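S.K.: using only what follows, build the 3D model:
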Amino acid sequence: MSDVQEAITRVHHEEWARVVASLTRRFGDLDIAEEAAAEAFATAVERWPADGVPPNPGAWLTTTANRRAIDRLRRESKRDDKQKEAQMSYDEPPEPLGVIDDERLRLIFTCCHPALAMETRVALTLRMIGGLTVPEIARGFLVQETAMGQRITRAKAKIKAAKIPYRVPSAEDLPGRVSGVLSVLFLVFNEGYLATGPDTDPIRHELTAEAIRLTRLIRALLPDDGEVAGLLALMLLTEARRTARVSANGELISLRDQDRGAWDAALVAEGHRLVRERLATRLPPGRYQILAAINAVHTSARDAADTDWSQVVALYDQLVRVDRSPIVALNRAIAVAELDGPEVALATIDRLGDTLSGYHAYHAARADLLRRLGRSQESRAAYDAAIELAENTAEVAYLSRRRDQLVS
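M.R.: Modelled structure (predicted):
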């Protein structure tokens, strides 16, 4: 990748949310804002390689996007007061910062409006602020791309019809919106942890780093919120393993086979400290706190053989009570296999087929259990299904090698 291409990628990540937010405030239309921003970035891709990256890329993109939005309004004969104001000047007055002084975090809290259903808030915010594509968001929710596109379109229509204000939240608003914000950051982190796009790096560190940065800011705003602490701990304990997760030849390395000496000891220690702090409160843990505790068990083991699987299963039993998703059931079954054997786990996983048949990890888990049971032909078929559904290049390489090692 050239220096200019790297600059465009970096600027897209840093400026997308600000440009979309600026246009949304000015024109009062999310569709216009998003389309104009996309056109501005497309123009940058065309012009910057020849003209060079401008001294202030963000200002260049904002100005270009404003012009694209005005052009669209002219074409559609929508010359309202907002258009006239935009034509007079491309400089907007500063908006009061309120309790949140980080631009991106303010935008996420703003978009996670309680008038929208939780899943809709999260999907819309991922698209508008996180900059994830509709296919990436759809894969995160395990739904079809068309269905996710319709969900986001309906959310924009509801905002417009209900005249939901684009307003910076006050301190009193934060507790009512934080769960949606945490869901957004969790999904952004997951997209970085194991990227779903076939044309991206298998691990997108810029996404995991930004999710951690923003979660740290929320922790400072809401220091007594257990789920904020839990999510931060979960991210840190996962990020600690990043450099050990992909081999030199681009293949995913399973947790069992990772070089634990390559893990980031400082991140592990910080994550463990947060988990201990939450345990000391003796308050009922939420989803992120339990997931963090599970990761703490894994990262406490000197090697895979030392993993306390009985504790992992017990924690998944807790998690099932607060999160009855089939993915939690799948991960619990994988842990059960280490205690009660692959046959018991396979029976549980097979019952999830109706809901998880389109999820590559379901087929990958079945493939591994069938391999351990010596059912090579069935295992190969399950690996084939997992490979067809997986789009992460490192994961595809790992699954392909495991399939090819099967004895006929």
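S.K.: name the residues of stretch 338-357 that are buried.
M.R.: 338, 342, 345-346, 348-349, 352, 356 (16 or more other C-beta atoms under 10 Å). Heads up, the C-betas are built off the backbone N, CA and C, glycines and all.
S.K.: same question for stretch 373-389.
M.R.: 375, 378-383, 385-387, 389.
S.K.: re earlier: what's the closest of the buried residues of stretch 338-357 to Pro55?
M.R.: Leu356 (49.9 Å; C-beta to C-beta).
S.K.: residues in contact with that closest one?
M.R.: 142, 326-327, 330, 362 (C-beta atoms under 8 Å, 6 or more residues apart in numbering).
S.K.: just Ala244 next, same as before
M.R.: 253, 258-260, 262-263.
S.K.: so where's the stretch 101-250 of the chain shaky on pLDDT?
M.R.: Scanning the stretch 101-250 of the chain for pLDDT under 70 picks out 101-104, 107, 110-111, 118, 125-132, 140-142, 159-168, 198.
S.K.: tell me where it has helices.
M.R.: 103-111, 118-128, 134-141, 145-162, 174-193, 205-221, 226-239 (DSSP state H, counting those that start in this stretch).
S.K.: make JSON lines out of the ones you listed and add distance to Ala367 and mean neighbour count.
M.R.: Output for the helices of the stretch 101-250 of the chain, formatted as JSON lines (distance: least, C-beta to C-beta, whole Å; neighbours: other C-beta atoms under 10 Å):
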{"stretch": "helix 103-111", "distance to Ala367": "37", "mean neighbour count": "22"}
{"stretch": "helix 118-128", "distance to Ala367": "30", "mean neighbour count": "23"}
{"stretch": "helix 134-141", "distance to Ala367": "20", "mean neighbour count": "20"}
{"stretch": "helix 145-162", "distance to Ala367": "25", "mean neighbour count": "15"}
{"stretch": "helix 174-193", "distance to Ala367": "21", "mean neighbour count": "21"}
{"stretch": "helix 205-221", "distance to Ala367": "27", "mean neighbour count": "18"}
{"stretch": "helix 226-239", "distance to Ala367": "23", "mean neighbour count": "25"}
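S.K.: take those and write them to JSON lines, including distance to Arg403.
M.R.: As requested, the helices of the stretch 101-250 of the chain are exported to JSON lines (distance: least, C-beta to C-beta, whole Å):
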{"stretch": "helix 103-111", "distance to Arg403": "40"}
{"stretch": "helix 118-128", "distance to Arg403": "32"}
{"stretch": "helix 134-141", "distance to Arg403": "22"}
{"stretch": "helix 145-162", "distance to Arg403": "27"}
{"stretch": "helix 174-193", "distance to Arg403": "23"}
{"stretch": "helix 205-221", "distance to Arg403": "28"}
{"stretch": "helix 226-239", "distance to Arg403": "26"}
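S.K.: mind checking which of the ones you listed is nearest Asp306?
M.R.: helix 226-239 (16.4 Å).
S.K.: next structured bit after that closest one?
M.R.: The helix or strand immediately downstream of helix 226-239 is helix 265-281, counting by DSSP states H and E.
S.K.: C-terminal to that next one, what's the next element?
M.R.: Next element after helix 265-281 (DSSP H and E): helix 287-300.
S.K.: need the residues that contact that following helix.
M.R.: 182, 186, 226-227, 229-231, 233-234, 237-238, 240-241, 255, 263, 268, 271-272, 274-275, 278-279, 285, 307-308, 311-312, 315-316, 318-319, 322-323.
S.K.: my guess is Pro342 contacts Arg375. True?
M.R.: No. Applying C-beta atoms under 8 Å as the test, Pro342 and Arg375 come out as separate, 9.8 Å apart.
S.K.: about what we covered before: among the buried residues of stretch 373-389, which are in strands?
M.R.: Secondary structure defined by DSSP state E assigns none of the buried residues of stretch 373-389 to strands.
S.K.: any idea which of these is closest to Leu105?
M.R.: Taking the buried residues of stretch 373-389 together and measuring to Leu105 by C-beta to C-beta, the closest member is Leu389, at 33.5 Å.
S.K.: how about that closest one: what's its closest non-neighbour residue?
M.R.: His360 (3.7 Å; C-beta to C-beta, 6 or more residues apart in numbering).
S.K.: out of the contacts of Ala244, which end up buried?
M.R.: For the contacts of Ala244, buried by 16+ other C-beta under 10 Å: 253, 258, 260, 263.
S.K.: rebuild those as TSV, extending it with distance to Ala138 and pLDDT.
M.R.: Output for the buried ones among the contacts of Ala244, formatted as TSV (distance: C-beta to C-beta, whole Å; pLDDT from 0 to 100):
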residue	distance to Ala138	pLDDT
Ile253	27	96
Gln258	29	96
Arg260	34	96
Trp263	32	97
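S.K.: which of the buried residues of stretch 338-357 fall within strands?
M.R.: Per DSSP E, the buried residues of stretch 338-357 never map to strands.
S.K.: identify, from those residues, the entry nearest to Arg121.
M.R.: Leu356 (24.6 Å).
S.K.: roughly how far does the closest one sit from Ala390?
M.R.: Computed as C-beta to C-beta, to the nearest Å, the Leu356 to Ala390 distance reads 14 Å.
S.K.: next one: Val53
M.R.: 35 Å.
S.K.: among the two, which residue is more densely surrounded?
M.R.: Taking neighbours as other C-beta atoms under 10 Å, Val53 and Ala390 compare with Ala390 leading, 24 against 18.
S.K.: residues in contact with that one?
M.R.: Ala390 neighbours (C-beta under 8 Å, 6+ apart): 360, 364, 396, 399.
S.K.: try it again at 7 Å.
M.R.: By C-beta atoms under 7 Å, 6 or more residues apart in numbering, the contact set of Ala390 is 360, 396, 399.
S.K.: secondary structure and neighbour count added to those residues, as JSON lines?
M.R.: Below are those laid out as JSON lines (DSSP: H, G, I helix; E, B strand; the rest coil; neighbours: other C-beta atoms under 10 Å):
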{"residue": "His360", "secondary structure": "helix", "neighbour count": "21"}
{"residue": "Val396", "secondary structure": "helix", "neighbour count": "21"}
{"residue": "Leu399", "secondary structure": "helix", "neighbour count": "27"}
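S.K.: which among the helices of the stretch 101-250 of the chain is found nearest to Ala37?
M.R.: helix 118-128 (9.3 Å).
S.K.: hmm, Gly176 and Pro114 touching each other?
M.R.: Yes. Using C-beta atoms under 7 Å, Pro114 makes contact with Gly176 at a distance of 5.6 Å.
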